[in-house]
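Novice: Below: sequence and its predicted model.
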Amino acid sequence: MARFLIRTYGCQMNERDSELLGCLLRDRGHLPTESEEQADVILVNTCSVRDQAERKAVGKVGLFKRLKRQKPSLVIGIIGCMAQAHGQALLDELPHVDLVVGPDQLHDIPDLVEAALQGAAAVVATAVREVIPGDLSAHAPDQVFASVAVMRGCNQFCSYCIVPQTRGRERSRPLADIVAEVEQLATRGTREVLLLGQNITAYGVAEARHEGGAGAAHPRFADLLRAVHAVPGIVRLRFTSPHIRFMDADFVDCVCSLPKVCKAFHIPVQSGSDRILQLMHRGYTAADYLRVVEAIRGRLDRVAFSTDVIVGFPTETAEDFAATRELMRRVGFDMAYIFKYSPRRGTQAADRFPDDVSAEVKLQRNQLLLEDLEGSVAARNQARVGQCIEVLVEGPSRRNAARWQGRSDTSKVVIFDPVGTLAPGALVRVTVERATAHSLFGSIVP
Ligand code: 5AD
Ligand code: SF4
């Protein structure tokens, strides 16, 4: 029995992978710990999307050198996207590391960890797998909210993005497996499921292409959504991330008409300038993006949009940036992640264009968008004061255990006083009395 600690950087897929890995290790009799000093095994699940994320992870692993000196039997592993992108080079740079394991080898990690605990030499395992093997249904217990990975990899090759290299080509899990996993979660008390995929709207597309001809009937994203929607006990469904190119009229109809699908959509836009979108290989224009947003708004009374934006992509002018600002103003996002462009070696953008927007200009554009956003989010939250909204109860608030918290269907944190025999997983109606930039406060409607 070993005590293990998993540190996670990056996206929700990495969070899910770490959860799955924790379950696999627990199934072998190992025990989780939160203490770096007590751990016999430390695994760092890494992200390669931006240089800053990589530097943070390398810095963290560097700090473990001291622990290893004190306890030479300590096993240290770098897993996830950085392991895939850099392989052996990580071992050369950080010789106190024992394991470098890519995202497709997740299921081999318990064996590799046990071998390392027995004193095996350092290993790099980064082979790409056509089918991800084993038990994909391992989840931490008692989760009102749970994530389910429905596909892996990405075929889009946006010019700035390293993901197609680190996570490989798109592979979708069979629909029946996903439904079985969600059914199992529901019997264990999960009420809200977040479906995950790098480009989730391409679910089943690569499989249909392989099958070809009459076999091209592999279920697609809308089929997946309808099948999971039918699972009893699940009251809310979310998904991330969709891609505008795949969001046709059927998609809009499906997400708007299925009542359990939360009316909060995270749709990465990346830029509001058509010229930059083209250089990014996004395959849509700002007008296409707005059309989808308007189509959804036209069908729903209440809906929230969130997005990802990159500022300072090569050649981005003040005019391009103004187009991004204008698009963001027109949509009125409830939330946005804003990133400064970071060249990733091996991507088309990094190979073909110099990183010619200065760090100062990137920072300035980043701050301007954040300021715009703050104003828009505050106004949107303020507009919810007086409204009665549906809240899925999570449990006692993290800040103040006397109050409880939950989430609105538009993904807002809602704080309220518990009444009666309230249990996590209950759906209640709350009248919003006060709003801040991050949360809504209110009272349960009896
Ligand atoms: N530089 C900055 N941001 C990036 N993203 C992806 N690649 C890069 C990069 N090279 C952002 C995109 C994506 C999000 C997950 O990360 O906005 O949607
Ligand atoms: Fe990267 Fe584009 Fe794929 Fe998203 S859709 S993971 S940004 S290549």
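Specialist: That came in fine, so what should we check first? Ligands and ions are numbered 1, 2, ... in the order given.

Novice: residues contacting residue 39?
Specialist: Neighbour list for residue 39: 3, 4, 5, 33, 74 [criterion: Cβ atoms under 8 Å, 6 or more residues apart in numbering]. To be clear about C-beta, it is placed using only N, CA and C from the backbone, and glycine gets the same treatment.

Novice: same question but for residue 51, I mixed them up
Specialist: By Cβ under 8 Å, 6+ apart, residue 51 lies in contact with 342, 343, 344.

Novice: Was I right to think residue 332 contacts residue 378?
Specialist: No: between residue 332 and residue 378 there is no contact, the gap being 11.8 Å when judged by Cβ atoms under 8 Å.

Novice: quick one: which of the contacts of residue 51 has the most company?
Specialist: Neighbour tally across the contacts of residue 51 (other Cβ atoms under 10 Å): the maximum, 22 neighbours, falls on residue 344.

Novice: Can you classify that one by secondary structure?
Specialist: Classification of residue 344 by DSSP: H, G, I helix; E, B strand; the rest coil places it in coil.

Novice: Please report the distance of it from ligand 1.
Specialist: In this view, residue 344 and ligand 1 are 5 Å apart by Cβ to the nearest ligand atom, to the nearest Å.

Novice: ok, and the closest non-adjacent residue to that residue?
Specialist: Nearest residue to residue 344 in three dimensions, chain neighbours excluded: residue 162, at 4.1 Å (Cβ to Cβ, 6 or more residues apart in numbering).

Novice: contacting residues for that neighbour?
Specialist: Taking Cβ under 8 Å, 6+ apart as the test, what residue 162 contacts is 48, 49, 81, 85, 344, 346, 347.

Novice: where does the first one land in three-state SS?
Specialist: It stands for residue 48. When classified by three-state DSSP, residue 48 comes out as coil.

Novice: so it touches residue 166, yeah?
Specialist: Yes: in this structure, residue 48 is within contact of residue 166 by Cβ under 8 Å, at 5.3 Å.

Novice: Remind me what the lengthiest helix in the chain packs against, helices and strands.
Specialist: If you go by DSSP state H, the chain has its longest helix at helix 359-382. Judged by 3 or more Cβ pairs under 8 Å, 6 or more residues apart in numbering; DSSP states H and E, helix 359-382 is in contact with strand 304-311, helix 318-331, strand 335-340, strand 427-435.

Novice: got the contact list for the last one?
Specialist: Put plainly, it is strand 427-435. For strand 427-435, the external contacting residues (Cβ under 8 Å, 6+ apart) are 191, 235, 378, 381-382, 384-393, 406, 414, 416, 422, 440-445.

Novice: for the longest helix of the chain, the distance to its chain's centre please.
Specialist: Put simply, helix 359-382 sits 22 Å off its chain's centre (Cα atoms, centre = their mean, to the nearest Å).

Novice: so which of the contacts of strand 427-435 are also by ligand 2?
Specialist: Subset of the contacts of strand 427-435 in contact with ligand 2: empty, counting by Cβ under 6 Å from any ligand atom.

Novice: These, buried ones only, as a ChimeraX selection?
Specialist: Remark: buried members of the contacts of strand 427-435, expressed as a ChimeraX selection using 16 or more other Cβ atoms under 10 Å:
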select :191,235,381,384,389,390,391,392,393,406,414,416,422,440,441,442,444
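
Novice: just checking, which of the contacts of strand 427-435 belong to helices?
Specialist: Within these, residues falling in helices by DSSP H are 378, 381, 382.

Novice: For the helix or strand of the chain with the lowest mean pLDDT, which helices and strands make contact with it?
Specialist: Here the helix or strand of the chain ranked lowest by mean pLDDT, DSSP states H and E is helix 205-211, holding a mean of 83. Counting contacts by 3+ Cβ pairs under 8 Å, 6+ apart, helix 205-211 packs against strand 171-172.

Novice: that older thread, residues bridging contact with residue 48 and residue 166, i.e. touching both?
Specialist: Shared contacts of residue 48 and residue 166, defined by Cβ under 8 Å, 6+ apart, are found at 81, 82, 84, 85.

Novice: List the contacts of the last one.
Specialist: Going back to what we said before, that points to residue 85. Counting by Cβ under 8 Å, 6+ apart, residue 85 touches 48, 162, 165, 166, 346.

Novice: Is the fourth one in contact with residue 103, as I believe?
Specialist: Right, residue 166. Yes: using Cβ under 8 Å, residue 166 is in contact with residue 103, at 6.9 Å.

Novice: For those two, list the residues in contact with both.
Specialist: Common contact partners of residue 166 and residue 103 (Cβ under 8 Å, 6+ apart): 80, 81, 84.

Novice: ok, the second one - how many residues close by?
Specialist: I take that to be residue 81. Counted with other Cβ under 10 Å, the neighbours of residue 81 add up to 27.

Novice: same thing with the first one?
Specialist: Summarising burial for residue 80: neighbours were counted as other Cβ under 10 Å, giving 30.

Novice: so what's it up against?
Specialist: With contacts defined as Cβ under 8 Å, 6+ apart, residue 80 is in contact with 9, 10, 14, 17, 44, 45, 46, 47, 102, 103, 166.

Novice: what pairs with it across the strands?
Specialist: For residue 80, the beta-bridge partners under DSSP bridges are residue 46.

Novice: how close does it sit to ligand 1?
Specialist: Taking Cβ to the nearest ligand atom, one finds residue 80 at 14 Å from ligand 1.

Novice: Could you do residue 284 as well?
Specialist: 14 Å.

Novice: now do residue 340
Specialist: Note on residue 340: its distance to ligand 1, by Cβ to the nearest ligand atom, is 6 Å.

Novice: Check residue 342 too.
Specialist: 4 Å.

Novice: check whether stretch 279-287 contacts ligand 2.
Specialist: No: under the criterion of Cβ under 6 Å from any ligand atom, ligand 2 is not reached by stretch 279-287; the shortest gap measures 7.5 Å.

Novice: Only C-alpha atoms, please: export that stretch in PDB.
Specialist: Taking Å, rounded to 0.1, in the frame of the first residue of the first chain, the C-alpha atoms of stretch 279-287 are listed here in PDB:
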ATOM      1  CA  LEU A 279      -5.300  32.600 -39.600                       C
ATOM      2  CA  MET A 280      -6.400  30.500 -36.600                       C
ATOM      3  CA  HIS A 281      -8.100  28.000 -38.900                       C
ATOM      4  CA  ARG A 282     -11.300  28.300 -37.000                       C
ATOM      5  CA  GLY A 283     -13.500  27.800 -40.000                       C
ATOM      6  CA  TYR A 284     -16.200  30.400 -39.200                       C
ATOM      7  CA  THR A 285     -16.600  34.200 -39.200                       C
ATOM      8  CA  ALA A 286     -17.800  36.500 -36.400                       C
ATOM      9  CA  ALA A 287     -21.100  36.700 -38.200                       C
END
